[in-house]
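Visitor: What follows is a predicted structure for the sequence shown.
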Amino acid sequence: RAALLAACPAAGDALVVNNGAAALLLATTALAAGRELLWSRGELVEIGAGFRLAELVASAGARVREVGTTNRTHASDYRDALTSGTGGDPGAAAAGPSADARTAGPAPVGAILKVHTSNYRIEGFTSEVGIAELAALAHEHGLPLIADLGSGLLRPEPALPDEPDAASALAAGADVVITSGDKLLGGPQAGILLGRREVIARLARHPLARAVRADKLALAAIEATLAGPVPPVLTALRTDPDTLRERTDALAARLDGRAIAHDGRVGGGGGAEVPLPGWAIALEEELAAELRTGDPAVVGTVQGGACLLDLRCVPAEDEDTLVGAVAAARERLRVREDRPRPERASAHASAQDAEQDPGR
């Protein structure tokens, strides 16, 4: 907790649970169970293994109310949903969300949810409502604003200028921000809730908090990630393209390959489709499968008839190991190609038999 608050001073308090989905479940259950949760249609995310966040939230009793359309959602969509139903307690806006709002008429709105689409992008004719505008609207109606950022940034990252971060979301007025302990943070799988002290305390007191709490190893790993050296994910993200080019040129010469321009990707639920300009070593395409199944396994990208190796995620001290892995993969291919095929071996044996027994 102390390490999180030191890393994100904008937060009044912090709570860690076992994963991001659990964090969303806890926040929406504690703040909106039995009430409506306003949620843009363009942010109804499906995560891994086919789990849909809206179904997860609804399973614990919050009533998801979709607003806007897939590609465009406006502040007026949220406002119309608030005025057509029952909002929270306007008198509680200054002090924050009111627990008494749960009894304010039939099907009241319990909270507004803003979800960052960290694993996909919608482009073209689009519109969304920012956190600052949503926070003002939520607080006008005495409601909390939950911002699920997902991807793990606690502060702005220059390499991903459009990726939201917890500090900025809290400064913009979000009452509770949800982010991951892994992904761009670079730690263990965990769900992190940051926000106003009284809101986090309310979540921590909810019975569900006990069921989704993180274990001691995860807590220790998060503290080590925040207080220790820069995690590998951030080191790779911040790699200097010129330095990467020098390493790629040198290793391409050792591997009898060629260096080509290549855009990397973040992957793993953050910075969706954002190109990371860099370089890669182009090798024979048929090496890809051999490298993947070797020991150590090397995962390249098959593109344009070549197997591409991007050194962004390969520490300099592992370059000799990579050279050895490529040499071993080439040797396995050579042996396989030199080995007689079964049909050729059978034909050769028949010819030998005929020579030994001409009367046959």
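Guide: That came in fine, so what should we check first?

Visitor: Quick check: V233 touching G187?
Guide: No - assessed by C-beta atoms under 8 Å, V233 is found out of contact with G187, at 9.2 Å. All C-beta atoms are positioned from the backbone trio N, CA, C, and that covers glycine.

Visitor: so where's this structure shaky on pLDDT?
Guide: Scanning the chain for pLDDT under 70 picks out the ranges 85-107, 341-360.

Visitor: Could you name the specific helix or strand carrying G152?
Guide: Under DSSP states H and E, no helix or strand contains G152.

Visitor: roughly how far apart are it and L251?
Guide: 30 Å (C-beta to C-beta, to the nearest Å).

Visitor: Just want to know which of those two has more residues nearby.
Guide: Legend: neighbour count by other C-beta atoms under 10 Å for G152 and L251, higher for G152 (26 against 21).

Visitor: Verify the stated contact: that one with S180.
Guide: Yes - contact criterion C-beta under 8 Å: G152 and S180 qualify, at 4.3 Å.

Visitor: what comes up buried for stretch 310-321?
Guide: Along stretch 310-321, these residues count as buried under the neighbour rule (16 or more other C-beta atoms under 10 Å): D310, L311, R312, V314, E319.

Visitor: what about the third one, is that helix, strand or coil?
Guide: Secondary structure assignment for R312 (DSSP: H, G, I helix; E, B strand; the rest coil): helix.

Visitor: Go ahead and confirm it touches V266.
Guide: No - with contact defined as C-beta under 8 Å, R312 does not reach V266; the gap is 10.4 Å.

Visitor: list the contacts for the residue lying closest to A21 once chain neighbours are set aside?
Guide: Using C-beta to C-beta, 6 or more residues apart in numbering and skipping residues adjacent in sequence, the residue nearest A21 is L56, 6.0 Å away. Contacts for L56 (C-beta atoms under 8 Å, 6 or more residues apart in numbering) come out as A21, L24, L25.

Visitor: likewise A62?
Guide: A62 neighbours (C-beta under 8 Å, 6+ apart): T28, T29, A32, A33, G34, R35, E36, L37, G110.

Visitor: about what we covered before: which among the contacts of L56 gets closest to V302?
Guide: V302 has its nearest neighbour among the contacts of L56 in A21, at 32.2 Å by C-beta to C-beta.

Visitor: How is this structure divided into domains?
Guide: 2-229, 239-338 (automatic domain parsing).

Visitor: Out of these, which one sits most buried?
Guide: Most buried of the domains of the chain, by mean neighbour count (mean count of other C-beta atoms under 10 Å): domain 2-229, with a mean of 19.

Visitor: Just the residues contacting the helix or strand where L26 lies, thanks.
Guide: Using DSSP H and E, L26 sits within helix 20-32. Helix 20-32 is contacted from outside by 17, 37, 47, 51, 53, 56-57, 60-62, 97, 109-111, 113, 144, 146, 148, 150, 176, 178-180, 191-193, 199, 202-203, 206, 208-209, 212, using C-beta under 8 Å, 6+ apart.

Visitor: List the ones among those residues that fall in helices.
Guide: Counted as lying in helices by DSSP state H, out of the contacts of helix 20-32, are L53, L56, V57, V199, R202, L203, L208, A209.

Visitor: separation between the second one and H139?
Guide: This means L56. When L56 is compared with H139 (using C-beta to C-beta), they lie 26 Å apart.

Visitor: any chance you could map the strands in the stretch 1-150 of the chain?
Guide: Assigned by DSSP state E, counting those that start in this stretch, the stretch 1-150 of the chain shows strands spanning 13-17, 36-40, 63-67, 109-115, 145-148.

Visitor: The shortest one: how far from the chain's middle?
Guide: Think strand 145-148. 17 Å (C-alpha atoms, centre = their mean, to the nearest Å).

Visitor: need the next SSE after that strand, C-terminal direction.
Guide: helix 166-171.

Visitor: Distance check, the closest residue to A224 other than its chain neighbours against S40.
Guide: Spatial nearest neighbour of A224, chain neighbours left out: G187 (7.7 Å); criterion: C-beta to C-beta, 6+ apart. Separation of G187 from S40 (C-beta to C-beta): 29 Å.

Visitor: again with P156
Guide: 23 Å.

Visitor: Strand partners (parallel or antiparallel) of the strand ranked longest in the chain?
Guide: For the chain, the longest strand by residue count, based on DSSP state E, is strand 276-284. Strand 276-284 sits in its sheet next to strand 258-264 (antiparallel), strand 306-309 (antiparallel), going by DSSP bridges.

Visitor: Can I get the ones you listed in JSON lines including distance to V129?
Guide: Shown next, in JSON lines, are the strands paired with strand 276-284 (distance: least, C-beta to C-beta, whole Å):
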{"stretch": "strand 258-264", "distance to V129": "31"}
{"stretch": "strand 306-309", "distance to V129": "40"}
